[in-house]
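**Q** Whatever this is, show me its structure:
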Amino acid sequence: MLKHLNIALSQQQIGKWLLLLLVFPVIWLDTLYGFFSYLGLGALRISLLYRTLVLLLGLIIVYTRSGLLSWLVQAMILFWSTLLILNTYWLGEVQFITEFTQLTRWVFPFSVLVLTLAALEKYGDHTTLIMQGVAYYGWVFGGFMLFSFVTGLGIPSYEEGVFGIKSFYVGGNDIGLAALISLTIMFVLLRRQFSWWQLGKIVLCVAGLLLLGTKAGWAGAVLLVVGFTMLFKRMRWFALPLVLIAGAWSITWIQANSDTLSYQIDQLQTVAKGANPRERLMQAGDGQLEHYPNKAQWTGGGYSFYTGSGRDYYVTHNNTTGTETFKAIEQEWYDLRGGYGVPFAVFVFLCHFLLLALSLLLLWRRPNIEHLGIAIASCLYIGHGIFAGHAFVSGQPSGLIAVLYAIVIYRLESGALSAERRSQRD
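**A** As a prediction, this is how the structure comes out:
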């Protein structure tokens with residue numbers, strides 16, 4: 001009996017360490033890669049190496065186990081492969097590395113989901129540890145952002161003279177969305193067990209999002225802070241005054257730094273008037289789709305769509321030298337439809353909407369603060385992908401949302417199993 005107990009404990013420890021390695025090191029690898037890029041050593045893409053390893057491990061599980069999730073990933077890869085053949089057969093040319101890279105980005109969140117779910121099913125319930133790992137991402141990000149703001153070291157978000165710094169992170173919108181997902185879970189943990197240390201972490205993450213200087217980061221941070229403050233009665237008495245004080249200070253600071261904030265102010269005014277921040281990119285994409293209107297609906301333009309869109313965007317809309325540059329539209333629907341056609345775009349979107357629906361189903365069946373937080377994070381991820389891009393194709397937010405989706409499915413399966421056992425006893 002003791003022997004079996006030792007084995008069971010050993011398996012739990014193995015599972016705990018596997019999940020620790022899956023969520024906690026990610027922010028440090030992203031930071032280290034950004035630091036290398038800051039030093040001009042961007043070729044040392046250690047975060048990409050890590051995510052590639054995670055992707056491969058997930059794909060091994062995809063092709064060695066049954067179930068709907070495995071079938072969806074296999075169908076996505078087969079669908080893409082068929083389109084690649086159709087797009088390149090007549091020309092006999094293919095930019096396989098570039099196109100395959102696009103596929104891996106779309107497959108990555110599902111691969112992480114399958115890997116995490118398999119670990120939970122094999123090694124037991126470590127969902128709390130996963131949520132702590134997601135929350136860990138945000139406050140470490142905020143710490144480095146504050147460090148860069150104070151010291152002046154780091155990568156700027158925009159050109160010189162415009163407010164915003166990315167610290168040691170390469171993708172502004174990508175890291176911003178990841179931080180918003182993390183911030184949501186940080187509020188969940190605060191609500192579950194209040195501590196001033198946990199509140200300080202939230203302040204650190206919010207500060208990082210504001211220093212980032214992106215519209216999505218600003219809007220998301222404000223909505224989450226106000227929303228959770230109003231939702232939690234206990235937080236209103238001390239958090240709401242802090243929000244009001246911070247808001248008053250922000251207005252004063254913005255007025256004093258209007259020159260460096262002119263870019264963000266102009267962008268916000270444009271959006272407020274109903275314009276799309278990706279309008280010029282979308283116009284370039286539409287112009288490229290006109291070259292093959294019928295084909296684009298079914299199979300897309302593949303590599304030529306992205307290079308053509310990049311050329312049109314830089315030449316027509318930015319008056320730069322005409323070069324063939326790979327450029328995504330940065331809205332998930334446009335990139336999927338333009339690259340591989342409407343059917344493939346619909347399939348990928350349905351896969352993501354299925355996971356969103358499951359998170360809402362879990363909230364409906366078992367309403368609590370954790371499931372509400374995961375549902376909010378899911379809506380942020382999907383909404384960001386539709387309106388601003390940098391979601392489905394970005395490993396930073398996709399890795400975080402994938403482990404949360406694994407919690408959703410694991411808990412739905414556990415609930416269904418418990419219900420089945422109760423019915424058998426009855």
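**Q** can you map out the strands along the protein?
**A** Remark: strands assigned in the chain by DSSP state E are 155-156, 165-167.
**Q** Just to check, Gly124 is in contact with Gly15?
**A** Yes. Using CB atoms under 8 Å, Gly124 makes contact with Gly15 at a distance of 6.1 Å. C-betas here are computed from N, CA, C, even on glycine.
**Q** picking up where we left off before, may I see the strands of the chain arranged in a markdown table, with mean pLDDT as well?
**A** Output for the strands of the chain, formatted as a markdown table (pLDDT from 0 to 100):
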| stretch | mean pLDDT |
| --- | --- |
| strand 155-156 | 84 |
| strand 165-167 | 87 |
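**Q** Which stretch among these is buried most, on average?
**A** Sort those by mean neighbour count, taking mean count of other CB atoms under 10 Å, and strand 165-167 sits at the top with a mean of 25.
**Q** Show me what that strand packs onto, helices and strands only.
**A** helix 26-38, helix 127-151, strand 155-156, helix 196-212 (3 or more CB pairs under 8 Å, 6 or more residues apart in numbering; DSSP states H and E).
**Q** Kindly recompute the last result at 10 Å.
**A** Applying 3 or more CB pairs under 10 Å, 6 or more residues apart in numbering; DSSP states H and E, one finds that strand 165-167 contacts helix 26-38, helix 127-151, strand 155-156, helix 172-192, helix 196-212.
**Q** hang on, the earlier thing: look at Gly124 and Gly15 and report which has more neighbours.
**A** Ranked by neighbour count (other CB atoms under 10 Å), Gly124 and Gly15 place Gly15 first, with 19 against 13.
**Q** check contacts around that one.
**A** Counting by CB atoms under 10 Å, 6 or more residues apart in numbering, Gly15 touches Ala119, Leu120, Glu121, Lys122, Tyr123, Gly124, Asp125, His126, Leu129.
**Q** who are the neighbours in contact with the residue nearest to Trp80 when sequence neighbours are not counted?
**A** Excluding its sequence neighbours, the residue lying closest to Trp80 (CB to CB, 6 or more residues apart in numbering) is Leu103, at 5.0 Å. By CB under 10 Å, 6+ apart, Leu103 lies in contact with Met76, Ile77, Phe79, Trp80, Ser81, Leu83, Leu84, Gly339, Tyr340.
**Q** In TSV, list the residues you listed along with neighbour count.
**A** Formatted as TSV, the contacts of Leu103 follow (neighbours: other CB atoms under 10 Å):
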residue	neighbour count
Met76	19
Ile77	17
Phe79	17
Trp80	21
Ser81	12
Leu83	21
Leu84	19
Gly339	29
Tyr340	30
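**Q** still on that earlier bit, now, of the helices and strands packed on strand 165-167, which is deepest in the fold?
**A** Highest mean neighbour count of the helices and strands packed on strand 165-167: helix 172-192, a mean of 26 (counted as mean count of other CB under 10 Å).
**Q** how far out from the middle of the chain is that one?
**A** With CA atoms, centre = their mean, to the nearest Å as the basis, helix 172-192 stands 11 Å off its chain's centre.
**Q** what helices or strands is it leaning on?
**A** Using 3+ CB pairs under 10 Å, 6+ apart: helix 172-192 touches helix 26-38, helix 127-151, strand 165-167, helix 196-212, helix 215-231, helix 233-256, helix 369-387, helix 395-425.
**Q** Mind doing that once more with 7 Å?
**A** Secondary-structure packing of helix 172-192 (3 or more CB pairs under 7 Å, 6 or more residues apart in numbering; DSSP states H and E): helix 127-151, helix 196-212, helix 215-231, helix 369-387, helix 395-425.
**Q** Just confirm Tyr158 contacts Ile165, I think it does.
**A** No. The criterion here is CB atoms under 7 Å, and Tyr158 misses it with Ile165 at 9.3 Å.
**Q** Roughly how far does the residue lying closest to Ala216 once chain neighbours are set aside sit from Gly220?
**A** Closest residue in space to Ala216, ignoring its immediate chain neighbours: Ala388 at 5.1 Å, by CB to CB, 6+ apart. Taking CB to CB, to the nearest Å as the measure, Ala388 falls 10 Å from Gly220.
**Q** If we ignore the residues flanking it in sequence, what's nearest Val170?
**A** Closest residue to Val170 apart from its sequence neighbours, by CB to CB, 6+ apart: Gly34 at 5.4 Å.
**Q** Next up, the contacts around that neighbour.
**A** Contact partners of Gly34, counting by CB atoms under 7 Å, 6 or more residues apart in numbering, are Ile155, Phe168, Tyr169, Val170.
**Q** ok so, going back, can I get the helices and strands packed on helix 172-192 in CSV including mean pLDDT?
**A** Output for these, formatted as CSV (pLDDT from 0 to 100):
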stretch, mean pLDDT
helix 127-151, 93
helix 196-212, 89
helix 215-231, 84
helix 369-387, 94
helix 395-425, 79
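**Q** Nearest to Leu55, out of the ones you listed?
**A** helix 395-425 (8.8 Å; CB to CB).
**Q** Return, as residue ranges, the portions of this protein with sub-threshold pLDDT.
**A** Scanning the chain with the threshold set as pLDDT under 70 gives 1-10, 88-94, 159-161, 233-278, 291-296, 315-324, 326, 415-426.
**Q** 50 instead?
**A** 1-7, 419-424, 426 (pLDDT under 50).
**Q** For stretch 69-78, buried residues please.
**A** Buried residues in stretch 69-78, counted by 16 or more other CB atoms under 10 Å: Leu69, Ser70, Leu72, Val73, Met76, Ile77.
**Q** hang on, the fourth one packs against Tyr63?
**A** No. Using CB under 7 Å, Val73 and Tyr63 do not qualify as a contacting pair, with a distance of 8.7 Å.
**Q** First-to-last residue distance for stretch 205-220?
**A** Taking CA to CA, to the nearest Å, the first and last residues of stretch 205-220 lie 12 Å apart.
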